[in-house]
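# what would the 3D arrangement of this be:
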Amino acid sequence: MNNPRPKVRRSRALGIPLTPKCVRYVERRPYPPGEHGRKRRTASDYSTRLTEKQKLRAQYDISETQLRAAFDRAKRSGGTTGEALIQDLESRLDATVLRAGFARTIYQARQFVTHRHVLVNGKRVDRPSYRLRPGDFVSIAETSRSKEPFVVAAAGAHAVAPAYLEVRLTDLVCRYERTPGRDEVPVVSEEQLVVEHYAR
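Okay, the predicted model is just below:
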């Protein structure tokens, strides 16, 4: 069993629960860990922007390199960079597996993809960063559906899917219908501060 403590510490440091198990820890102690956690410190503009970037990275469980690449794509998109950044990250295969309710956490979703349980348009894809396009189908491989995590998921144990996904949960199939609007994405982030961090 995974030790939840590192994720609990990170959740408290960022002020957001990164897994369902972390919710009660963050609610019980809504301040950073450590002996100075309770002290109120005036954050600089730089540290505020840095924290927002770290929040975004943590919620998608991605590296600095991956977030920077997503920002560069968003900047070239021609739209609002912050919204385009969230949309880019939300089109990741692991994020879609999570939103569809096939996985309980982003960490579990990433594991499902890397362990080759996930198909895109009928073909196995083992890259969590694979970007989906509107119209793509995501499903759990037939041979994997009898495994306990997928039986639990098919029974509807996880989150309700957002409107930009068409999900048949009992069949563990979903269609990435369209690019989501920012208000449809359940990510806690002031993405404009992330944009400012990279643009400085």
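
# tell me where the model's unsure across this structure.
Within the chain, the stretches with pLDDT under 70 are 1-42, 159.

# longest helix in this structure, by residue count?
Counting by DSSP state H, the longest helix found in the chain is helix 45-60.

# what's the angle from the helix or strand containing Gln66 to helix 45-60?
If you go by DSSP states H and E, Gln66 is part of helix 64-76. Following axes from the mean of the first three to the mean of the last three C-alpha atoms, to 10 degrees, one obtains 100 degrees for the angle between helix 64-76 and helix 45-60.

# how about helix 64-76: buried residues?
Neighbour counts using 16 or more other C-beta atoms under 10 Å place Gln66, Leu67, Ala70, Phe71, Arg73, Ala74 of helix 64-76 among the buried residues. For the C-beta atoms, the positions are set from N, CA and C on the backbone; glycine is no exception.

# what of stretch 57-66?
Arg57, Ala58, Gln59, Tyr60, Asp61, Ile62, Gln66.

# name the nearest residue to Thr170, sequence neighbours excluded.
Counting by C-beta to C-beta, 6 or more residues apart in numbering, Thr170 lies nearest to Ala154, which is 5.5 Å off, once chain neighbours are set aside.

# residues touching that neighbour, list them.
Arg145, Leu169, Thr170, Asp171, Leu172 (C-beta atoms under 8 Å, 6 or more residues apart in numbering).

# next up, the contacts around the second one.
What it means is Leu169. Under the criterion of C-beta under 8 Å, 6+ apart, the neighbours of Leu169 are Ala100, Gly101, Ala153, Ala154, Gly156, Ala161.

# just these now: which is nearest Arg92?
Of all the contacts of Leu169, Arg92 sits closest to Ala100, with 12.4 Å by C-beta to C-beta.

# rewinding a little: most neighbours out of the contacts of Ala154, which is it?
Comparing these by number of neighbours (other C-beta atoms under 10 Å), Leu172 comes first, having 25 neighbours.

# contacting residues for that one?
Phe102, Ser139, Ile140, Arg145, Phe150, Ala153, Ala154.

# now it, nearest residue through space, not along the chain?
Ile140 (3.9 Å).

# would you agree that neighbour is in contact with His115?
No. At 11.2 Å, Ile140 does not count as touching His115 under the criterion of C-beta atoms under 8 Å.

# report the central residue of the protein.
The residue lying closest to the centre of the chain (C-alpha atoms, centre = their mean) is Tyr60, at 3.4 Å.
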